[in-house]
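Novice: Quick one: sequence plus predicted model below, questions after.
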Amino acid sequence: MYSNLKNKKILIYTLGCKVNQYESDAMLEALINNGCTDANKADPTDNEDRAEESTDNKDGHEEKADICIINTCSVTNMADRKSRQIIHRLKAQNPSAIIAATGCYTQIAGEKLLEDGAIDLIIGNNRKKDVARILSEYIANGQITDNYIDINKDNEYENLSIIKPETHTRAYVKIQDGCNEFCTYCIIPYARGRIRSRKLIDITAEVDTLARNNVKEIILTGINVSAYNDSGLGLKDVIKRLSKIEGIERIRLSSMDPRIITEEFLDTVSALPNFCPHFHLSLQSACNKTLKAMNRKYTIEEYARACEMIRSYFDRPAITTDVIVGFPGETDEDFETTYNNLRDINLYEMHVFKYSRRKGTVADKMPDQIDERIKTERSNRLLSLTAEQKKSFEESFKGEMHKILVEEIIERDGISYYQGHTERYIQVIIPCSELGNDENYVNQIIEYKL
């Protein structure tokens with residue numbers, strides 16, 4: 001315990017993906033264990049770029065903090081800018097607080113960030129586990145050592161963990177970090193380093209603790225979970241092991257590379273009663289020419305076969321994806337190819353993004369950058385398509401009984417509703433009065449006719 005942290009009010013603001021959210025939860029838990037208090041139970045977050053792993057945007061800071069930690073994102077130039085804006089805003093709102101920045105933007109920007117008068121210190125990626133020591137040392141000495149690393153030369157997996165999520169019913173469990181793919185539009189391999197996997201024994205211990213704390217659903221997450229490898233044990237081995245933990249009723253996966261979908265993988269997971277038939281298979285484009293320019297290492301034909309294979313193992317599985325429109329060099333014909341292929345594959349939902357240039361990537365220097373107006377037109381067409389496909393998919397379950405994990409109570413027009421998700425991650429709201437008001441069903445799994 002670091003005594004000089006006792007009673008310090010901590011505010012953590014999270015941008016970006018669910019990996020960041022998990023790491024923020026772990027940092028907060030570590031600081032609370034050292035005597036700190038949470039300055040904002042709402043746990044403000046903001047996500048704009050990786051919608052498959054998006055969190056709720058809850059803002060508004062009612063209580064001044066002693067220490068503000070901004071867990072930054074750097075997936076696009078816009079994310080960099082947003083990270084800087086949040087740093088300055090929290091400094092203005094908490095002028096006497098220690099302002100610490102961590103996350104991918106700090107890893108990319110490096111020590112240059114310290115030239116910004118709004119920041120007191122940075123905590124490099126793979127040093128979040130040392131957050132209590134780093135802050136205690138800064139409070140004591142006004143300076144710190146060993147707070148920043150060259151992520152590309154570090155092979156250690158940073159073994160963070162949580163006992164129980166502070167603000168979520170389900171729990172995200174990080175099992176892997178880093179990426180070796182080097183897609184031409186992506187800066188993340190430079191911010192997160194090379195692939196590193198968590199020991200299965202440590203994952204199992206964390207999930208066992210979460211289960212004992214009444215967590216019923218876990219989502220395995222990482223920068224590239226498909227690349228998980230612990231001494232020859234892969235992702236399917238992790239899922240199989242965790243499925244045996246008493247109390248874990250649902251296991252979900254975050255974004256996956258479509259190349260992980262094999263008969264062997266599906267044979268394993270389809271046999272597990274607590275594995276959710278919900279697959280987020282990363283795509284980015286449904287045109288082979290564009291996929292090659294992006295340095296994606298599969299074809300649209302391989303992607304379509306993966307979807308067909310999943311559907312042969314599961315009844316109406318929810319398959320979702322990400323699509324980037326307006327990538328440099330994407331012609332009208334290329335986009336029509338993407339549109340037609342996505343229409344035919346017929347996914348549950350697509351998260352559509354307009355290509356955003358990112359300094360430091362190969363794509364930023366590519367010729368034939370696309371006009372923003374054209375990007376918007378293409379985005380709108382895909383958004384209309386995915387709205388139609390999503391509606392059709394959800395209506396196919398109408399009148400059927402399904403299990404709902406109730407996550408929270410919400411208010412709409414003065415009426416209270418339970419809100420939750422099915423195994424396929426279909427969002428459902430149920431009038432509280434319909435279930436009766438004698439029992440609180442939050443964090444319970446109930447059967448309900450859709």
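Specialist: Nice, I can see it. Numbering: from 1, shown residues only.
Novice: Now do stretch 412-425: everything it contacts.
Specialist: Applying C-beta atoms under 8 Å, 6 or more residues apart in numbering, the contact partners of stretch 412-425 are 250, 252, 276-278, 316-318, 320, 348, 397, 402-411, 427-433, 435, 441-442, 450. In this view, the C-beta of every residue, glycine as well, is placed from N, C-alpha and C.
Novice: can you rerun that using 6 Å?
Specialist: For stretch 412-425, contacts defined as C-beta atoms under 6 Å, 6 or more residues apart in numbering pick out 276-278, 318, 402, 404-410, 427-432, 441.
Novice: Buried only: go through those residues for me.
Specialist: 276-278, 318, 402, 404-407, 428, 430, 432, 441 (16 or more other C-beta atoms under 10 Å).
Novice: Quick check: the farthest pair among those residues?
Specialist: Farthest pair in those (C-beta to C-beta) is Pro277 and Cys432. Separation: 28.1 Å.
Novice: that older thread, columns secondary structure, pLDDT and distance to Ala97 on top of the buried ones among the contacts of stretch 412-425, output as JSON lines?
Specialist: As requested, the buried ones among the contacts of stretch 412-425 are exported to JSON lines (DSSP: H, G, I helix; E, B strand; the rest coil; pLDDT from 0 to 100; distance: C-beta to C-beta, whole Å):
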{"residue": "Cys276", "secondary structure": "coil", "pLDDT": "98", "distance to Ala97": "40"}
{"residue": "Pro277", "secondary structure": "coil", "pLDDT": "98", "distance to Ala97": "45"}
{"residue": "His278", "secondary structure": "strand", "pLDDT": "98", "distance to Ala97": "40"}
{"residue": "Ala318", "secondary structure": "strand", "pLDDT": "98", "distance to Ala97": "42"}
{"residue": "His402", "secondary structure": "strand", "pLDDT": "97", "distance to Ala97": "46"}
{"residue": "Ile404", "secondary structure": "strand", "pLDDT": "97", "distance to Ala97": "41"}
{"residue": "Leu405", "secondary structure": "strand", "pLDDT": "97", "distance to Ala97": "37"}
{"residue": "Val406", "secondary structure": "strand", "pLDDT": "96", "distance to Ala97": "37"}
{"residue": "Glu407", "secondary structure": "strand", "pLDDT": "94", "distance to Ala97": "32"}
{"residue": "Val428", "secondary structure": "strand", "pLDDT": "97", "distance to Ala97": "40"}
{"residue": "Ile430", "secondary structure": "strand", "pLDDT": "96", "distance to Ala97": "41"}
{"residue": "Cys432", "secondary structure": "helix", "pLDDT": "93", "distance to Ala97": "39"}
{"residue": "Tyr441", "secondary structure": "coil", "pLDDT": "94", "distance to Ala97": "39"}
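Novice: What is the nearest of the residues you listed to Arg198?
Specialist: Closest to Arg198, out of all of the buried ones among the contacts of stretch 412-425 and judged by C-beta to C-beta, is Cys276, at 21.1 Å.
Novice: how far away is that closest one from Cys432?
Specialist: 25 Å (C-beta to C-beta, to the nearest Å).
Novice: burial of Thr204, as a residue count?
Specialist: Using other C-beta atoms under 10 Å, Thr204 is surrounded by 15 other residues.
Novice: no no, Glu411
Specialist: Neighbours around Glu411, by other C-beta under 10 Å: 9.
Novice: In a strand, it, correct?
Specialist: Yes. If the criterion is DSSP: H, G, I helix; E, B strand; the rest coil, then Glu411 is within a strand.
Novice: For it, list each beta-bridge partner.
Specialist: Ser416 (DSSP bridges).
Novice: quick one: it from Tyr417, how far?
Specialist: For Glu411, the distance to Tyr417 equals 8 Å [C-beta to C-beta].
Novice: again with Cys183
Specialist: In terms of C-beta to C-beta, Cys183 sits 40 Å off from Tyr417.
Novice: just checking, what packs against the longest helix anywhere in the chain?
Specialist: For the chain, the longest helix by residue count, based on DSSP state H, is helix 372-395. In terms of contacts (3 or more C-beta pairs under 6 Å, 6 or more residues apart in numbering; DSSP states H and E), helix 372-395 is packed against strand 318-325, strand 349-354.
Novice: What is the burial count for Thr37?
Specialist: Quick note: Thr37 (other C-beta under 10 Å) scores 15 neighbours.
Novice: what bridges to it?
Specialist: Applying DSSP bridges to Thr37 yields these beta-bridge partners: Lys9.
Novice: wait, it sits on Lys9?
Specialist: Yes. Counting by C-beta atoms under 6 Å, Lys9 is a contact partner of Thr37 at 5.4 Å.
Novice: returning to what we had before: now, which of the buried ones among the contacts of stretch 412-425 sits nearest Met309?
Specialist: Checking those against Met309 with C-beta to C-beta, the nearest one is Pro277 at 12.9 Å.
Novice: what's the host helix or strand of Lys292 in contact with?
Specialist: Lys292 is part of helix 288-294, with elements assigned from DSSP states H and E. The contact list for helix 288-294 (C-beta under 6 Å, 6+ apart) reads Cys183, Thr184, Gln284, Ser285, Thr299, Ile300, Phe327, Gly329, Glu330, Asp334.
Novice: Produce a PyMOL select command limited to the buried residues of those residues.
Specialist: Buried subset of those, written as a PyMOL selection, criterion 16+ other C-beta under 10 Å:
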select buried, resi 183+184+284+285+300+327+330+334
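Novice: Among the contacts of helix 288-294, which ones are in strands?
Specialist: Secondary structure defined by DSSP state E assigns none of these to strands.
Novice: Turn the contacts of helix 288-294 into JSON lines, columns for distance to Asp368 and pLDDT.
Specialist: Formatted as JSON lines, the contacts of helix 288-294 follow (distance: C-beta to C-beta, whole Å; pLDDT from 0 to 100):
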{"residue": "Cys183", "distance to Asp368": "18", "pLDDT": "97"}
{"residue": "Thr184", "distance to Asp368": "13", "pLDDT": "97"}
{"residue": "Gln284", "distance to Asp368": "17", "pLDDT": "98"}
{"residue": "Ser285", "distance to Asp368": "15", "pLDDT": "98"}
{"residue": "Thr299", "distance to Asp368": "22", "pLDDT": "98"}
{"residue": "Ile300", "distance to Asp368": "21", "pLDDT": "98"}
{"residue": "Phe327", "distance to Asp368": "10", "pLDDT": "98"}
{"residue": "Gly329", "distance to Asp368": "4", "pLDDT": "98"}
{"residue": "Glu330", "distance to Asp368": "8", "pLDDT": "98"}
{"residue": "Asp334", "distance to Asp368": "11", "pLDDT": "98"}
